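Asks: below are the sequence and a predicted model for it; my questions follow.
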Amino acid sequence: MITNKGSSNSEAVMMEIEANKPTGNGMVVGGLSPLSETIWKEKTSSDMVGDVSARLAWKDLTVMVTLSNGETQNVLEGLTGYAEPGTFTALMGPSGSGKSTLLDALSSRLATNAFLSGNVFLNGRKTKLSFGTAAYVTQDDNLIGTLTVRETISYSARLRLPDKMAWSDKRALVESTIVEMGLQDCADTVIGNWHLRGISGGEKRRVSIALEILMRPRLLFLDEPTSGLDSASAFFVTQTLRGLSRDGRTVIASIHQPSSEVFELFDRLYLLSGGKTFFSQAGFPCPALRNPSDHFLRCINSDFDKVKATLKGSMKLRFEASDDPLEKVTTAEAIRALTDYYRTSQYCYLANEKVEEMSKVKGTVLDSGGSQASFLMQSCMLTKRSFVNMSRDFGYYWLRLVIYVLVTVCIGTIYLNVGTSYNSILARGACASFVFGFVTFMSIGGFPSFVEDMKVFQRERLNGHYGVTAFVISNTISAMPFLILITFISGTICYYMVRLHPGFVHYLFFVLCLYASVTVVESLMMAIASVVPNFLMGIIIGAGIQGIFMLVSGYFRLPNDIPKPVWRYPMSYISFHFWALQGQYQNDLKGLMFDNQTPDLPKIPGEYILEYVFQITVTRSKWIDLGIIFSMIIVYRIIFFVMIKINEDLTPWVRGYLARKRMKQKSGGGLNTTVAPYGLTQSPSLRTYVATDHRKR
Amino acid sequence: MSHNHHPTVAFKINAGPLPPHPSPQMEIEVSSFGGGGGGSHSGSRMAEHGGSNEGGGGGISMGPSPSMKERASYLVWQDLRVMLPNSGDGPTKRLLHGLNGFAEPGRIMAIMGPSGSGKSTLLDALAGRLSKNVVMAGDILLNGEKKKLTYGAVAYVTQEDILMGTLTVRETITYSAHLRLPPTLTKEEVQDTIEGTILEMGLEDCADRLIGNWHLRGISGGEKKRLSIALEILVRPRLMFLDEPTSGLDSASAFFVVQALKSVARDGRTVISSIHQPSGEVFALFDDLYLLSGGETVYFGEAKEAIEFFADSGFPCPIKRNPSDHFLRCINSDFDVVAATLKGSLRIQEKREESDPFMSLGTARIKATLVEKYRWSKYAIKARAKMKHLSAMRGPVTMPSTASQAAWWKQLDTLTRRSFVNMSRDMGYYWLRIIIYLVVSICVGTIFFDVGTGYTAILARGACGGFITGFMTFMSIGSFPSFIEDMKIFTRERLNGYYGVGVFILSNFLSSFPFLVAVSLVTGTITWNMVKFNHGFSRFAFYCLNLFGSIAVIESCMMIVAALVPNFLFGLVIGAGVLGVMMMTSGFFRQLPDLPKPFWRYPVSYINYGSWAIQGGYKNDLLNLVFDGLLPGDPKTTGKEVITKLFRLPLTHSKWWDLFAIYALLVIYRLTFFLVLKLKEKLLPILQSMYAKRTVHRLKRRASFIKFPSSRRYQNLRTLSAREGLGSPVP
């Protein structure tokens, strides 16, 4: 059901010829970037060489969604179409018409509560495109804001290109990609985040595309690549996409309201409304001074019916009469007329022929285009990238360093030179409790950056750039230097201002204990960030958990007084505060002598205080306590890993299972309640489902 | 039929003096409205437009009553120049280069141009909303009078819709009406105005739906925009400005918004809107077009004649292309950059040059040609004549402001009710916190369950009190996002002059009062009964009052932080830091006599609610209790001894004085909040304008003042976070 754009026959034929030019034709070679194809073919193993073009055809594609109340709804109905190498196919339609759903269906990214029937043929074979086979550029650009454009692309290249490829070749590939996407002017500009001014929206979008074409995929899907861009940037993006298609790639993009210039760049148009395909040529000529794409959308956008009805309802608004035929019929009627016309038109016939033909011709099987770099290489590159990001992002660690220093200076002045008087017994205990309780609490400040990191991870994970293990390891390693820096600086300030137990080993223990505690909090927050849907919930849950940990740490309530059932076993043993305090109290008090209430009474040894006042187990070495905190880091990191895995594998499966079950129940009670095709004015966009899904993953 | 009330209402609001001698021009204008059908504007350029626009809806057209006549406002601007002084010795950026133009009642004008062309600057300059670090020269005449429009004087719809997400559409409009309409109106009249506005903006379908916020699904973007417009037209302004009302909307909603605007204009109002890439249908709705590029006028005149002008200048609009797309394509110099980059990347376009011959020219030259051609075109001559005529006329001088005319107690009542409704519907504001308080109280209650009077209970009672005053109040941070949202709404409404700072602060406190009481009662009852603190009702009452005071103080403290910080993250970090300091100096982690005197003891521990709360709490709980000794045989310790010897707190004043101190602090913090808001309002603009004046002074001594290089893209005056909607990282 591909239709040519343009309203006259001759023009349509011309466009068809232009679009179908063989890739060897002189004109197209002129547009082919010399670097893009050759380097890749020459430098990699021979199994990639061959016919690598992707012919995509789909037949009778229907997508059904189960809603939460058990109803099912057809988002797409019996769509047929094709996309050929060397062409740029645009999917157009009003909002809610199923553009994104179709794109998701073709790239096998449908949410698990959506059911697909019909066939998708890739090079004549029924295939399910796995993550990575086809490149998919999402609507939102999740990029690391602190890296420059060149760094972003080059890290991505090193993450995914095979290890044995020479560095110079990789660099050439990166440079060619930058040139190809027209990013050379901003190649050394940072991308920018909420506090950093960076490149423009159009440039960001092109960086996103550049990352996907780095592996030279034959099939490229784009979800609204021009949304949110001004006309010049939109034009630029579309122009580069057209350029990409001229290299023999198959490019399919959903586009919402293209401007005239952008519209002229499309080879083929696939017009959707309420999940059906249309052709706009049945008695609805495009007015002279109007963009055809605007006109098409105007014809089939049933929202206009609603608008008109409301306008008429509020009599305040006068309607201007016009000779536009659209004013006389409702869009629902127009849609019906158009589909009927299209179904019997020669375009439809030709398209069906073509699909038949394409589904029969068997082509090569395309390799999965996922990462080809080794695990070691991936971990190494990720660590490096993450480190660069952390060192440049002010909000990630630097802000926290400043705050830690401020807070520890406050603590230091308040407990300045605490001494060994009778009152300092409690003061030392309070000081340790405050340092390990409150100072570690401030790690919450890094939460927004975690969430950003997770977003980037999800995008790259979906596109098969690297695995979960590599991510978890790299994140742990790259954060280490910063945490060491922060804890050593603040620990040193605190230790020397307060004058805790003298001796280098005592100092070292204090700082190591602080480092371990902060890292545990960090890992805990990471694990939370992988589960909770948003920022606020994450902070509240994190604060709540830490509050409870602190309560059972043995400072607010002495260890022996903590109620046994839940709070002592297991809660206080799970709490890292408990171990940190046990270790630090021993570290600080053992071997010191304190004054008694009045000078004439004998001095109190620290061991006595530990055992009877703070109720610390003195038989266990403080180093064991420290060891337990370090092992907690590993446990939390493993939890983090498992959480991501669960979200990735188990959750979609459960959702799919529930949806299937719901559907079975429904079909047992009667035929499914498919909404009548014309009554379907606003089919629910799958975006919402997918969006929530992505966020959770 | 409620429309019939509109003019009446409007008349009452704007019961200013009648124009002394209305010009003939205005009379003709008005008659054309009244006729509804065949009426046409004076002057040849109006004729075709009038016929086509008014013809369709003749029957239902609501001709404005005579009261519209004196409300008509003609805006003329002459030689308008705007400069952005750069910091240091950098060049001054010229944002607008001597623009001329006018806007008439009953017509809707589109200010169009590529991004960075000065659309928003022109709009802000006309509405008197330029930020204070920008210098403006030239005349802006309202009905022939040089009048300075300021915030609150005209209706201005910003690009961002700042609305309270938990209210329905009707509620939003109702509250706004109660806030601003004069008290002389009867209830029915107010109700009619509200219903009329809903109907006028086509909001009746979604009138009872919630607007929606980050966790609540609500009305669509187009509906939000129309609601924003509805709020502005409530008080029937004569002049209305809109900053890109269609950005981010799909074609159908954009069409609806502009259609609604058009009906606003047809009532005799002057509507000026900047617009970015309108679709064909939307563009067709505009009467006048002001095309800008790089701060220069490319075209000003009737929108329909622009096509003719471009054709005459040698750049005809190709068939099957939106005129607006074509205009922007011609003058958007970004396309030059795109073309250059594309050429650089070896990907020369295949045959674009052939399809658009004039595109080979490069947009910079096209723009220059157009600007030059326009200057001597008939359109410009006509416009100049009209401007001369309009600036000579004398219209009504009074400029009724759109600011509130309601009495302050009425405002307070409305605001409190609105804020209360918001708080009770927003899950994240208090409900979530009540749940967390409940959970934490139960945790505390079980851990310190039946604490008793053993020797270890002495410290445990102290720790329990410390934890409750310290950590429980800490949870107030959780509602920070809601505070920030509240502050945003306050800032917008304050700028529009809806109400004063004092009313806001008072209403905020009053509306949160029931929730704070609930929070402290829930926490207090659970912990009191589970831990079994010293019994007696008056002690329980003290305990709850103490808790309530502490939470209310923290709340005020967080509001102050929210007013000062630019975004959520900073607020969170700074808020946590402030709370940490308060916790440390409250006398629990470090006993008060041990606190270093200079800073921490005086003044920090005295302005800290925590130290008072802990003192009061200990006195409330421990006095007249007797504790066991360390060993079974040891003498018993009295509560008095515990307080004076162990916690080292003075027993010189009663616990009620401590409580009083907390409530005094509450008042002080609220007053500080008031002062902070006032200062922020007064001081910031003064500083900015001082800076701008100094720069201008310095610049004037330079000979090259006029010839500063104009920038193609100027820095946007709004902050980055505001533009990208990233003020808070909450999704």
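Replies: Perfect, I can see it now. Note that this is a predicted model, so its numbers are computed, not measured.
Asks: may I ask which helix or strand encompasses the residue of the stretch 151-300 of chain B found nearest chain A?
Replies: Per Cβ to the nearest Cβ, residue B:252 is where the stretch 151-300 of chain B lies closest to chain A, at 3.4 Å. All C-beta spots, glycine's among them, are computed from the backbone N, C-alpha and C. In this assignment (DSSP states H and E), residue B:252 forms part of helix B:251-266.
Asks: please name every helix or strand in contact with that helix.
Replies: Where contact means 3 or more Cβ pairs under 8 Å, 6 or more residues apart in numbering or on different chains; DSSP states H and E, helix B:251-266 is packed against helix A:292-300, helix A:303-313, strand B:108-112, helix B:187-200, helix B:221-233, strand B:270-275, helix B:280-284.
Asks: now the very next helix or strand once past the second one - C-alpha only, CSV.
Replies: What that stands for is helix A:303-313. Counting by DSSP H and E, the next helix or strand C-terminal to helix A:303-313 is helix A:331-344. C-alpha atoms of helix A:331-344 as CSV (Å, rounded to 0.1, in the frame of the first residue of the first chain):
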residue,chain,number,x,y,z
THR,A,331,-13.3,13.6,8.0
ALA,A,332,-14.8,10.3,8.8
GLU,A,333,-16.6,10.4,5.5
ALA,A,334,-13.5,11.6,3.8
ILE,A,335,-11.5,8.8,5.3
ARG,A,336,-14.0,6.2,4.0
ALA,A,337,-14.0,7.7,0.6
LEU,A,338,-10.3,7.7,0.5
THR,A,339,-9.7,4.1,1.6
ASP,A,340,-12.4,2.9,-0.8
TYR,A,341,-10.7,4.8,-3.6
TYR,A,342,-7.3,3.5,-2.7
ARG,A,343,-8.4,-0.1,-2.4
THR,A,344,-9.5,-0.1,-6.0
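Asks: relative to the whole chain's centre, how far out is the longest helix anywhere in chain A?
Replies: Ranked by residue count under DSSP state H, the longest helix found in chain A is helix A:468-498. Helix A:468-498 has its C-alpha centroid displaced from the chain centroid by 26 Å (Cα atoms, centre = their mean, to the nearest Å).
Asks: low-confidence stretches in the chain?
Replies: I went with chain A, as the question did not name one. A:1-53, A:67-70, A:125-133, A:273-290, A:310-330, A:346, A:359, A:361-371, A:533, A:666-697 (pLDDT under 70).
Asks: try again with chain B
Replies: In chain B, residues with pLDDT under 70: B:1-71, B:86-91, B:147-153, B:344-361, B:394-403, B:695-696, B:698-731.
Asks: tell me how it divides into domains.
Replies: Following automatic domain parsing, one gets these domains for chain B: B:71-155+B:246-392, B:408-682.
Asks: and residue A:449, which of those is closest to it?
Replies: domain B:408-682 (9.3 Å; Cβ to Cβ).
Asks: ok so, going back, dump the domains of chain B to TSV, plus distance to residue A:587.
Replies: Below are the domains of chain B laid out as TSV (distance: least, Cβ to Cβ, whole Å):
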stretch	distance to residue A:587
domain B:71-155+B:246-392	52
domain B:408-682	19
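Asks: tabulate those (JSON lines), appending mean neighbour count and distance to residue A:184.
Replies: Formatted as JSON lines, the domains of chain B follow (neighbours: other Cβ atoms under 10 Å in any protein chain shown; distance: least, Cβ to Cβ, whole Å):
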{"stretch": "domain B:71-155+B:246-392", "mean neighbour count": "20", "distance to residue A:184": "6"}
{"stretch": "domain B:408-682", "mean neighbour count": "19", "distance to residue A:184": "34"}
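Asks: residue A:612 is nearest to which of the ones you listed?
Replies: domain B:408-682 (8.0 Å).
Asks: what are the buried residues along the longest helix of chain A?
Replies: A:468, A:470-479, A:482-483, A:486-487, A:490-491, A:493-495, A:497-498 (16 or more other Cβ atoms under 10 Å in any protein chain shown).
Asks: isn't residue B:391 right next to residue B:79, touching?
Replies: No. The pair residue B:391 / residue B:79 is not scored as a contact, 11.7 Å apart, by Cβ atoms under 8 Å.
Asks: tell me which residues of stretch A:634-641 are tucked away?
Replies: Neighbour-count burial for stretch A:634-641, counted by 16+ other Cβ under 10 Å, picks out A:636, A:637, A:639, A:640, A:641.
Asks: look through the stretch 451-600 of chain A and state the residue closest to chain B.
Replies: Residue of the stretch 451-600 of chain A nearest chain B, by Cβ to the nearest Cβ: residue A:556 (4.1 Å).
Asks: just give the nearest non-adjacent residue to that residue, would you?
Replies: Nearest residue to residue A:556, sequence neighbours excluded (Cβ to Cβ, 6 or more residues apart in numbering or on different chains): residue B:463, at 4.1 Å.
Asks: what parts of the stretch 451-600 of chain B come near chain A?
Replies: Neighbours of chain A within the stretch 451-600 of chain B, by Cβ under 8 Å from any Cβ of the partner chain: B:456, B:459-460, B:463-464, B:466-467, B:471, B:474-475, B:477-478, B:481, B:567, B:569, B:572-573, B:576-577, B:580-581, B:583-585, B:588-591, B:594-596, B:599-600.
Asks: rerun at 6 Å
Replies: For the stretch 451-600 of chain B, the residues in contact with chain A (Cβ under 6 Å from any Cβ of the partner chain) are B:456, B:460, B:463, B:467, B:471, B:478, B:481, B:569, B:573, B:580, B:584, B:589-590, B:596, B:600.
Asks: and residue B:450, which of the three is it?
Replies: Following DSSP: H, G, I helix; E, B strand; the rest coil, we place residue B:450 in the coil state.
Asks: related to what we said a few turns ago, closest to residue B:293 out of the buried residues of stretch A:634-641?
Replies: Taking Cβ to Cβ as the measure, residue B:293 sits nearest to residue A:640 out of these, at 52.7 Å.
Asks: pretty sure that closest one sits in a strand.
Replies: No. Counting by three-state DSSP, residue A:640 falls outside a strand, being helix.
Asks: that one reaches residue A:526, doesn't it?
Replies: Yes. Residue A:640 is within contact range of residue A:526, at 5.0 Å (criterion: Cβ atoms under 6 Å).
Asks: and the closest residue to residue B:338 other than its chain neighbours, what element?
Replies: If you skip the residues right next to it in sequence, residue B:338 has residue A:236 as its closest partner in space, 4.5 Å away by Cβ to Cβ, 6+ apart. Element membership for residue A:236, per DSSP H and E: helix A:231-246.
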